[in-house]
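# sequence and predicted structure are below.
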Amino acid sequence: MTISSSKKIYFASDQHLGAPTAEASFPREQKFVAWLDEVKQDAEAIFLLGDLFDFWFEYKTVVPRGFVRVLGKLAEIRDSGIPIYFFVGNHDLWMGDYFEKELNIPVYHTTKEFTFNNKTFLIGHGDGLGPGDKGYKRMKKVFTNSFSKWIFRWLHPDIGVKLAQYLSVKNKLISGDEDVRFLGEENEWLVQYAKYKLQTKHYDFFVFGHRHLPMEIQVGENSKYINLGDWIGYFTYGVFDGNTFELKKY
């Protein structure tokens, strides 16, 4: 993709709409929609890196109630011709083809490489990457198993969605019981993952979410790891203008 001189690529992650309640997250949804409305003015493309919703599950004919403002804004932007790319996170990993069929937004379940103006990017949500977190990695395999999804689908949506939302909000990052702080490069698994990937291929930028902590870390001579932060406490996002990448606060 070539970025024209007047355009930019925008990145955002971890809005967790619906947490801890729909009412409590509504101001965040309004703020995020306002941001989308603003960036569409000069966006070459928009990348959403997962956990847009605190819980999302697609039954064959039903999706979770709510979020009409953000879904409507995404539809409007996509219909205007601006590409939007969505990467599932650990809270919306049960996303199927709803975004693709209803909004014409491609959905990715793994990291993907992109090249913008000869700069190479590796982009993804970030959960389960790098060393450690073996408990989550085992749990993710269970959750993404087709049999597990088939079993859950048999629960009536009024029961299944309510149960999943309750368990999702128990996540300490959302409840505020966990202090999100920098752990040092040696303990930041996504930093270690980026350095490992650089052993076999060069990337100018690694862009991830998941950590809820805005970060810019040099991981190679000409390579940088970016974490986008979140839209719970930081309201940060990334901007690439074709040459430089910046983290900004809305």
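Received, thanks.
# ok, F47 to F32 distance?
F47 sits 14 Å away from F32, taking C-beta to C-beta, to the nearest Å as the criterion. Just so you know, the C-beta spots here come from the backbone N, C-alpha and C atoms, and that holds for glycine as well.
# where does the protein dip in pLDDT?
Scanning the chain for pLDDT under 70 picks out 132-145, 147-150, 152-179.
# what's the biggest helix by length in it packed up against?
As assigned by DSSP state H, the longest helix anywhere in the chain is helix 22-39. When contacts are defined as 3 or more C-beta pairs under 8 Å, 6 or more residues apart in numbering; DSSP states H and E, helix 22-39 sits against strand 8-12, helix 68-79.
# highest mean neighbour count out of these?
Each of the helices and strands packed on helix 22-39 was scored by mean neighbour count; the highest is strand 8-12, a mean of 23, by mean count of other C-beta atoms under 10 Å.
# can you check what angle separates that one from helix 22-39?
170 degrees (axes from the mean of the first three to the mean of the last three C-alpha atoms, to 10 degrees).
# distance between the ends of stretch 102-113?
Start-to-end span of stretch 102-113 (C-alpha to C-alpha, to the nearest Å) is 25 Å.
# tell me the buried residues in that stretch?
Buried residues in stretch 102-113, counting neighbours by 16 or more other C-beta atoms under 10 Å, are found at L103, I105, V107, Y108, T111.
# ok, now stretch 216-231?
For stretch 216-231, by 16+ other C-beta under 10 Å, it's I217, V219, G220, S223, K224, Y225, I226, N227, L228, G229, D230, W231.
# relative to the whole chain's centre, how far out is that stretch?
Its chain's C-alpha centre and that of stretch 216-231 lie 15 Å apart, by C-alpha atoms, centre = their mean, to the nearest Å.
# list of residues touching that stretch?
Contact with stretch 216-231 is made by 11-16, 28, 31-32, 49, 126, 185, 188, 190-191, 194-195, 198, 202-215, 235-238, 245, 247, as judged by C-beta atoms under 8 Å, 6 or more residues apart in numbering.
# and for the closest residue to S13 other than its chain neighbours, the neighbour number?
Nearest residue to S13, sequence neighbours excluded (C-beta to C-beta, 6 or more residues apart in numbering): G209, at 2.8 Å. The local packing of G209 (other C-beta atoms under 10 Å) involves 32 other residues.
# just give me the neighbour total for G18.
Using other C-beta under 10 Å, G18 has 27 other residues around it.
# contacting residues for it?
With C-beta under 8 Å, 6+ apart, G18 has these contacts: S25, F53, D54, F55, P64, G66, F67, Q165.
# which residues touch the residue nearest to S13?
S13, D14, L49, G50, D51, G89, H125, G126, N227, L228, G229, D230.
# state the distance from H91 to K119.
Taking C-beta to C-beta, one finds H91 at 29 Å from K119.
# which of these two has more residues huddled nearby?
For H91 and K119, the more surrounded residue by other C-beta under 10 Å is H91, and the numbers stand at 28 against 17.
# for that one, phi and psi?
For H91, the backbone dihedrals (degrees, to the nearest 10) come out as phi -90, psi -20.
# and if you look at F205?
Main-chain torsions, F205, degrees, to the nearest 10: phi -140, psi 140.
# how much space separates it from M215?
Distance from F205 to M215, by C-beta to C-beta: 12 Å.
# give me the more crowded residue out of those two.
Neighbours were counted for F205 and for M215 using other C-beta under 10 Å; F205 has more, 23 against 19.
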